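> with the sequence up front, the predicted model follows.
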Amino acid sequence: MAKQPTQSVPLALGWQPLERTAAHGALREQATLWRTFPIRERLERDPQRVSALTWHVGDWYLDLSKQAWDSSVLHALLDLARTTALSPAIAALFAGEPVNLTERRAALHMAYRGSAQPPAAQRDRFVTEEERLAAFVAAYRIGALKGFSRAPLDTVVNIGIGGSDLGPRLVCDAFAHWGIARHGTVRFVANLDPSDFLTTTLDLDPARTLFLVTSKSFSTAETLSNARLARSWLARHFGVTPDDPRLNCHFVAVTNAVEKAEAHGFDSNQIFWLPEWVGGRYSLWSAVGLPIALAYGWKAFAALRAGAAEIDRHFQCAPLEANIPVILGLLSVWFATYLAQQQTALLPYAQGLQLLPAWYQQLEMESNGKRVRFDGSPAPYPTAMAVWGMAGTMGQHAFHQWFYQGTQPIAIEFVAFAPEPAAADDDPLLRARADAAAALAANAVAQAEALLLGRSEAEAFAQLRAQGWAEADARALAPFLAIPGNRPSSFLLATAQRPETLGQLLALYEHATFVRGWLWGVNPFDQFGVELGKQMARQLETESDAPHDPSTAQLLTWLKKAAR
Ligand code: F6P
């Protein structure tokens with residue numbers, strides 16, 4: 001049946017292009033002032049600045065007072081949010097409206113946190129699947145699941161990519177660093193490069209290994225290739241052929257395309273459903289999070305979800321001016337669209353969050369890296385910024401020089417944790433651990449302050465003279481030591497390292513991405529752009545005589561030569 005055209009939710013709710021709002025003009029005027037980033041002066045002059053630009057939600061404290069803005073900019077951004085119908089959009093998101101307008105779907109990843117209802121027609125299936133998932137996790141963790149040789153399965157290898165990998169991989173890594181008790185082994189394979197699979201499984205016992213083939217579409221080349229490697233790896237170990245159905249007990253599928261998984265030989269009772277109304281990069285809360293629950297237990301997985309649920313409630317209920325995902329989203333719109341910033345550096349001062357930049361890269365750049373708006377018009381302004389980053393303090397020894405003395409200030413986000421104090425009678429290892437954690441947090445705070453304060457040429461000259469440099473030499477060298485300062489940064493500080501803390505953080509980012517997409521007028525839930533690359537790859541692999549541009553043709557010639 002032809003799809004019925006549905007009135008686009010954004011247009012029905014009153015979304016309008018930014019450039020047509022009164023707030024847009026006010027923000028463009030304010031941008032001329034803030035492009036010189038007079039942050040230090042504002043902090044010195046305005047005693048209310050810190051209290052006006054800091055917030056608190058759950059385990060998180062947010063300090064945006066070192067950012068290149070002030071309350072009047074925030075108020076203009078809030079006007080923008082109101083005139084583009086952001087509050088009705090948030091309500092529509094949680095009500096399961098088809099906010100994913102190009103695919104005419106809801107975006108209800110929040111249902112897995114209990115913050116929204118699944119679509120009525122699939123509510124029973126949703127409940128049944130949750131029960132199946134919990135039962136499967138329980139059976140695995142008591143060793144009741146057996147492999148081909150009847151050995152208990154205690155090793156999980158998730159095979160997936162993008163949203164079917166980055167979220168669970170990040171959470172498992174964080175939980176490992178936060179000392180949350182793990183059952184057995186959990187690993188991740190994502191890349192098409194066979195060395196990813198072969199290296200990751202090198203030290204594993206095939207007899208005890210369970211593969212989770214996680215793919216919403218069940219048509220992603222990388223994942224299907226790695227699933228084939230997995231079957232061959234097991235078959236070689238057991239001396240059977242890869243299509244031997246006795247190997248199926250080593251495989252679980254997590255997918256929306258259940259029939260495809262069955263066609264690939266997966267047992268129906270080991271296929272877990274991923275609804276079409278959960279976007280890949282928003283899916284770690286669903287059955288895609290199975291590696292988390294299998295390795296760290298349903299309780300820790302539920303606590304992660306509970307943390308996100310707290311932010312869901314905040315996002316739905318807090319007034320816009322006190323709504324942290326809204327404020328975070330508006331700040332990025334200010335940076336990208338009005339200050340013409342093109343990059344965000346995300347610096348988690350926690351080794352357990354070393355994968356946070358990679359997860360957030362997909363979340364933000366695949367959601368908002370778009371140009372066509374809800375009404376079909378091209379965006380006449382920059383939309384999503386590039387996201388990159390590295391765990392601190394390693395970035396300090398890699399790219400912070402560029403932050404301090406480079407020619408282009410960018411948006412920098414610090415994420416840090418208040419260290420647990422060492423107990424008086426702690427043994428030397430615990431004391432050393434507490435001291436290192438305290439130094440880590442101090443480094444994060446110090447970096448944000450140093451970026452703000454910089455070092456004037458006169459200060460550099462005075463330091464050189466104090467170190468005994470001759471006046472002429474000190475004067476010649478001082479310019480090279482000068483640091484402009486006034487480099488803007490945001491600071492997110494957590495008071496705990498619990499599953500709930502991480503759930504809160506990830507939900508903050510998810511909802512801020514939704515806010516940005518809405519303001520910019522782009523759909524954060526589709527990803528038509530990446531389809532072209534997949535299609536070209538398929539063509540290259542299957543149609544060797546297809547015509548190519550001269551550069552590609554030459555590359556293919558080299559490839560063929562090398563293959564001989
Ligand atoms: O990058 C494109 C994409 O479709 C992502 O949105 C998705 O998370 C990833 O590929 C994997 O897709 P699937 O879960 O369907 O294998």
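Yes, it's here.
> separation between residue 299 and the ligand?
For residue 299, the distance to the ligand equals 26 Å [C-beta to the nearest ligand atom, to the nearest Å]. The C-beta positions use only the backbone N, C-alpha and C, and glycine is treated the same way.
> what does the stretch 151-300 of the chain put close to the ligand?
161-164, 215-217, 220, 223, 280-281 (C-beta under 6 Å from any ligand atom).
> residue 126: how many residues sit nearby?
18 (other C-beta atoms under 10 Å).
> what about it, distance to the ligand?
19 Å.
> what strand or helix carries that residue?
helix 123-141 (DSSP states H and E).
> buried residues in that helix, which are they?
By 16 or more other C-beta atoms under 10 Å, the buried positions in helix 123-141 come out as 126, 129-130, 132-133, 136-137, 140-141.
> how about these in JSON lines, adding distance to residue 464 and pLDDT?
Below are the buried residues of helix 123-141 laid out as JSON lines (distance: C-beta to C-beta, whole Å; pLDDT from 0 to 100):
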{"residue": "126", "distance to residue 464": "67", "pLDDT": "98"}
{"residue": "129", "distance to residue 464": "67", "pLDDT": "98"}
{"residue": "130", "distance to residue 464": "65", "pLDDT": "98"}
{"residue": "132", "distance to residue 464": "69", "pLDDT": "98"}
{"residue": "133", "distance to residue 464": "64", "pLDDT": "98"}
{"residue": "136", "distance to residue 464": "66", "pLDDT": "98"}
{"residue": "137", "distance to residue 464": "62", "pLDDT": "98"}
{"residue": "140", "distance to residue 464": "63", "pLDDT": "98"}
{"residue": "141", "distance to residue 464": "62", "pLDDT": "98"}
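> kindly export the helix holding residue 126 (C-alpha atoms) in CSV.
Coordinates of each C-alpha in helix 123-141 appear next as CSV, following Å, rounded to 0.1, in the frame of the first residue of the first chain:
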residue,chain,number,x,y,z
ARG,A,123,4.0,-3.1,23.5
ASP,A,124,3.5,-6.8,24.2
ARG,A,125,6.4,-7.8,22.0
PHE,A,126,8.6,-5.2,23.8
VAL,A,127,7.7,-6.7,27.2
THR,A,128,8.3,-10.3,26.0
GLU,A,129,11.7,-9.4,24.5
GLU,A,130,12.8,-7.7,27.8
GLU,A,131,11.8,-10.8,29.7
ARG,A,132,13.7,-13.0,27.1
LEU,A,133,16.8,-10.8,27.4
ALA,A,134,16.9,-10.9,31.2
ALA,A,135,16.4,-14.7,31.2
PHE,A,136,19.1,-15.2,28.7
VAL,A,137,21.5,-13.0,30.7
ALA,A,138,20.7,-15.0,33.9
ALA,A,139,21.2,-18.3,32.1
TYR,A,140,24.5,-17.2,30.7
ARG,A,141,25.8,-15.9,34.1
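> which residues of the stretch 101-250 of the chain fall in helices?
For the stretch 101-250 of the chain, the helices defined by DSSP state H, counting those that start in this stretch cover 123-141, 166-177, 194-200, 221-238.
> what sits up against the second one?
Contacts to helix 166-177, defined as C-beta atoms under 8 Å, 6 or more residues apart in numbering, come from residues 158, 182, 186, 188, 190, 214, 281, 283-284, 288-292, 295-296, 300, 304, 350-356, 358-359, 362, 499, 502, 506.
> same check on the last one?
Outside of helix 221-238, the residues that reach it under the criterion C-beta under 8 Å, 6+ apart are 148-149, 157, 159-161, 164, 189-192, 194, 196-198, 201, 206-207, 209, 211, 213-215, 218, 241-244, 246-247, 250-251, 264, 534, 537-538.
> filter the residues you listed to the buried ones?
Buried by 16+ other C-beta under 10 Å: 148, 157, 159-161, 164, 189-190, 196-197, 201, 206-207, 209, 211, 213-215, 218, 247, 250-251, 264, out of the contacts of helix 221-238.
> tally of neighbours for the residue nearest to residue 314 when sequence neighbours are not counted?
Excluding the flanking residues, the one nearest residue 314 by C-beta to C-beta, 6 or more residues apart in numbering is residue 57, at 5.4 Å. Residue 57 has 18 neighbours, counted by other C-beta under 10 Å.
> buried stuff in the lengthiest helix in the chain?
What stands out as the longest helix in the chain, according to DSSP state H, is helix 428-453. Buried residues in helix 428-453, defined by neighbour count with 16+ other C-beta under 10 Å: 434, 437, 440-441, 443-444, 447-448, 450-453.
> distance between it and the chain's centre?
Chain-centre distance of helix 428-453: 25 Å, with C-alpha atoms, centre = their mean, to the nearest Å.
> where does residue 257 fall, phi/psi-wise?
As for residue 257, its main-chain torsions (degrees, to the nearest 10) stand at phi -90, psi 70.
> residue contacts, it?
Counted by C-beta under 8 Å, 6+ apart, residue 257 has contacts 215-219.
> so which of the helices of the stretch 101-250 of the chain gets nearest residue 524?
Nearest of the helices of the stretch 101-250 of the chain to residue 524, taken as C-beta to C-beta: helix 166-177 at 15.6 Å.
> please identify the buried residues of that closest one?
Using 16+ other C-beta under 10 Å as the test for burial, helix 166-177 gives 166-175.
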